[in-house]
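S.K.: okay, predicted coordinates and the sequence, questions at the end:
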Amino acid sequence: MAAEPPPSKLHTQIDINAPPPCSADDSSLATETLREQRLSFFASRYTRRRRRRRSDTWIISLFVILHVLAFALTMAVNDCWRKSHGDCALGAFGRLSFQPLRENPLLGPSASTLDEVGALRRTFLTENHKTWRLFTFPCLHAGAIHLVINLCSVVFIGIHLEQEFGTLIAGLIYVLSSFNGTLVAALFVEKRPAVGSSAALYGLLGATLSALIQNWDLYTNKFTALASVLLVAIGNFLLGLLPYVDNFSNLGGFVSGFLLGSVLLSSPQVREVVQGKGGLLDNDLKSSIKSRLRQKLDRPVYRSVCLFLFVLMLAGCLVAVLQGIDMNQYCKWCRYVDCVPSKRWSCSEMEAFCETMMSHEQMTLTCMGNGNFKVLPFTNISQDRMNDLCSMICS
């Protein structure tokens, strides 16, 4: 009987094919993705293939709308057409018309109106103890010019931060910088009304600068971004040298925003890599981005120090304000950071006193300090309006 042949062995053949070569389109897409993820700043929100929803900018949009409503309410209270007897700029606006440019060069309300709606004065804090004005001060604008420049800057800077780092973080920086800037302003405010809506803007600027410095090597347009931040900061600072706009709140808001940015904006959000393009190049890109993220997030000491400095600044300013400390007593030249002397207004602390004379249907206000006078073709005028005119002719 013949022996049976041994069973045949099963042979398995595995074909290992080399990965397909990257086409020119794939390479360009990977390069573009790397640039979008790592190397863009302000332009990134326009060029990313995956844009975030428009609803992601709702907090900055809400703040802008609230500021516009607050300014409209301020101008309605001002009612230049009635209280100033038609002596208004852009009188076609009726009740919403502005005070004359010689009185408010920013196309806005009178000083007495700003006092009425919540502006800061030294006497309001030290004598009347109206601390509620610390919460209305950052909501007010000195005029339409101030409003437009400030809100355009907020939109330019704020929307980028909100899209890049999220609504919660952008909102926290906006509110906390605004309040801390208000406290700094309260330490330097004088006896003329002041508003500080730009403090929040400077908080956003400080946070943007912090994020730019921390991630300096990630961006190709860093000098353009830095120039944009400085241009916005300088422009709004120069605006703060005009009457009623407080520059000390801007400085306080900027420092607060920088410290908060150092704590909260340690690394920009990285979007997911374009899907559907597998291969070794895609995996290397993900690994590179994750490695860079870990490096940027690994700064606990630096972030802790910045958080401590912010809390110290906030607590120190709050205690100083409640104690009624006036920093102008220790820094005589500091008022020129907030005001530039002009023929139309004064940066001194002197109070205006006027003598009133009435004859027939006219009223004459004469400044007791410099002898200047103004003849008014009416006599039915409120005491607050008389104080506004007196301050104007005495400056």
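M.R.: Thanks, I have the structure now. Computed from a predicted model, the values in this text were never measured in an experiment.

S.K.: Met363 - nearest residue in space that isn't next to it in sequence?
M.R.: Using C-beta to C-beta, 6 or more residues apart in numbering and skipping the chain neighbours, the partner closest in space to Met363 is Leu376 (4.5 Å). Every residue, glycine included, has its C-beta placed from N, CA and C.

S.K.: where's that neighbour relative to Glu103, distance?
M.R.: As judged by C-beta to C-beta, to the nearest Å, Leu376 and Glu103 stand 14 Å apart.

S.K.: hang on, the earlier thing: burial of the residue nearest to Met363, as a residue count?
M.R.: Neighbour count for Leu376, taken as other C-beta atoms under 10 Å: 19.

S.K.: surely it is in contact with Gln362?
M.R.: Yes. Under the criterion of C-beta atoms under 8 Å, Leu376 makes contact with Gln362 at 6.5 Å.

S.K.: that older thread, could I get the phi/psi values of the residue nearest to Met363?
M.R.: phi -110, psi 130 (degrees, to the nearest 10).

S.K.: repeat for the one 5 residues further on
M.R.: The main-chain torsion angles of Ile381 are listed as degrees, to the nearest 10 and equal phi -140, psi 140.

S.K.: so it makes contact with Glu361?
M.R.: No. Ile381 lies out of contact with Glu361 (C-beta under 8 Å); the separation is 11.9 Å.

S.K.: which residue of these two possesses the greater neighbour count?
M.R.: Taking neighbours as other C-beta under 10 Å, Ile381 and Glu361 compare with Ile381 leading, 17 against 10.

S.K.: how close does the more buried one sit to Pro105?
M.R.: Using C-beta to C-beta, one obtains 23 Å as the distance from Ile381 to Pro105.

S.K.: go on, Ile325?
M.R.: From Ile325 to Pro105 the distance is 31 Å (C-beta to C-beta).

S.K.: okay, the two: which has more neighbours?
M.R.: Under the criterion of other C-beta under 10 Å, the comparison of Ile325 against Pro105 puts Pro105 first, with 18 against 15.

S.K.: Asp246: neighbour count?
M.R.: Under the neighbour criterion other C-beta under 10 Å, Asp246 is assigned a count of 31.

S.K.: err, Ser228, not the other one
M.R.: Using other C-beta under 10 Å, Ser228 has 19 neighbouring residues.

S.K.: quick one: it is in a strand?
M.R.: No. Assessed with DSSP: H, G, I helix; E, B strand; the rest coil, Ser228 is helix; it does not lie in a strand.

S.K.: what stretches of the stretch 251-395 of the chain score poorly on pLDDT?
M.R.: Scanning the stretch 251-395 of the chain for pLDDT under 70 picks out the ranges 266-298, 344-350.

S.K.: quick check, central residue of the protein?
M.R.: Leu201 (0.6 Å; C-alpha atoms, centre = their mean).

S.K.: can you pull the contacts of that residue?
M.R.: Leu201 is in contact with Asn150, Ser153, Val154, Ile157, Gly158, Val232, Asn236, Asn250, Gly253, counting by C-beta atoms under 8 Å, 6 or more residues apart in numbering.

S.K.: fine by me, we can end here.
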